[in-house]
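Student: here is a sequence with its predicted model. Questions after.
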Amino acid sequence: MSLTILGIESSCDDTSAAVIADEYLLSNVMASQEVHRQYGGVIPELASRAHQQNILPVVSQALKLAQKSMKDIDAIAFTRGPGLLGSLLVGTSFAKGLSISSGKPIIEINHLQGHILSHFIKVNGRDNRSPKFPFLCLLVSGGHTQIVRVDDYLKFEIMGHTIDDAVGEAFDKCAKLMNLGYPGGPVIDKLAKEGDCDKFRFSKPQIPELNYSFSGIKTSLLYFVRDRIRENPNFIEENKADLCASFQKDLIDILMKKLLLAVKQTGIRDIAIAGGVSANSGLRNRIESEGEKRGWNTFLPEFRFTTDNAAMIAITGYYKYQNGLFAPLDIAPVSRAAEYGD
Ligand code: KG4
Ligand code: ZN
């Protein structure tokens, strides 16, 4: 069956729309909101307003680039959650309105499942290698950190998750502490390349099973820097790159420790990473080198599919459509993953 899906993503501070036809990407348009940079984090109220301004032009552009009109679209997939409620409401309401005016059904998408299924987006002219089921996905974003076992396109089991901060949050908070701007992940990644990753060590969490914790290491960095600044007010400036490299290495060590445990427990050898932090070059290199050493098949998403995008929402919609999983028009967004029963 030939299927064309329009995807809409508005869970945080990126407004995005994409068109996918039979797993192949036709367009993926993104409007990022620069307004939050000056505040050092996403301001929910400003995010909703910016989505409201961006959504119509972004969706129109996605259809135009795909050379499709609404009559060619089989269904509208939209992010229902988790995310900022005001932001989600914009995408959800827009999808509903479009559904009523075009007569096309809507499909609700769990944003986290979208990140994972980004590995199945096919791009013309590219090697479209994708993981085989079952595979493990280390899902690392600004709001979540999970190890997920994926048995089929729509069959996920969360094997471990963070009990406090997400790893992306740890990157962002570290950057804030060092006055590096927002979002912090990409800046730390860049500075870390010039630094010595063994110069400093921070305290690592001792959390049972496959769960994570990132609030302790953040506090450890905070106290460490505070004490050093007392001796030398220029400590951060003089050690910026080494601090970034060391902190990043510790975060990656924490992530890898539990991932290795999950591999050991399951015997699964197809290993993927997804979410905003999967753009991190240190993490990508580490997954690849561990994979080579241990005989894994590793899967790193294309950079444009690491952070929030609508292509991942459209591909998830494609699989849900095939299972007849449509949403009613009175559906409401959900802000937390727990509301999905995850
Ligand atoms: O998936 P995402 O775009 O949004 C959420 O669903 O949360 O992830 C955003 C997170 C932010 O915390 C950002 O700092 C982090 O991804 N990030 C990175 C990198 N690029 C984005 N973290 C580390 N290294 C990067 N290169
Ligand atoms: Zn995300």
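Tutor: Good, I have the coordinates. Ligands and ions are numbered 1, 2, ... in the order given.
Student: low-confidence stretches in the stretch 1-150 of the chain?
Tutor: Along the stretch 1-150 of the chain, the parts satisfying pLDDT under 70 run over 1.
Student: what does it have sitting close to ligand 2?
Tutor: Contacts of the stretch 1-150 of the chain with ligand 2, taken as CB under 5 Å from the ion, map to S141. Yep, even glycine has a C-beta here, placed from its N, CA and C like the rest.
Student: domain boundaries for this protein, per the record?
Tutor: Domain ranges of the chain: 4-123+305-322, 135-301, per automatic domain parsing.
Student: highest mean neighbour count out of these?
Tutor: Across those, the average number of neighbours (mean count of other CB atoms under 10 Å) peaks for domain 4-123+305-322, which reaches a mean of 22.
Student: next SSE after the one helix or strand S93 maps to?
Tutor: When secondary structure is defined using DSSP states H and E, the element that contains S93 is helix 85-102. Later in the chain than helix 85-102, the nearest helix or strand by DSSP H and E is strand 106-110.
Student: picking up where we left off before, can I get the helix holding S93 in CSV, CA atoms only?
Tutor: Taking Å, rounded to 0.1, in the frame of the first residue of the first chain, the C-alpha atoms of helix 85-102 are listed here in CSV:
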residue,chain,number,x,y,z
LEU,A,85,1.8,21.5,27.1
GLY,A,86,1.3,24.9,25.5
SER,A,87,3.6,23.9,22.7
LEU,A,88,1.9,20.6,22.2
LEU,A,89,-1.5,22.3,22.1
VAL,A,90,-0.4,24.3,19.0
GLY,A,91,0.6,21.2,17.0
THR,A,92,-2.4,19.2,18.2
SER,A,93,-5.0,21.8,17.5
PHE,A,94,-3.4,22.6,14.1
ALA,A,95,-3.5,18.9,13.2
LYS,A,96,-7.2,18.7,14.2
GLY,A,97,-8.1,21.7,12.2
LEU,A,98,-6.3,20.4,9.2
SER,A,99,-8.1,17.0,9.6
ILE,A,100,-11.5,18.6,9.7
SER,A,101,-10.9,20.8,6.7
SER,A,102,-9.2,18.0,4.6
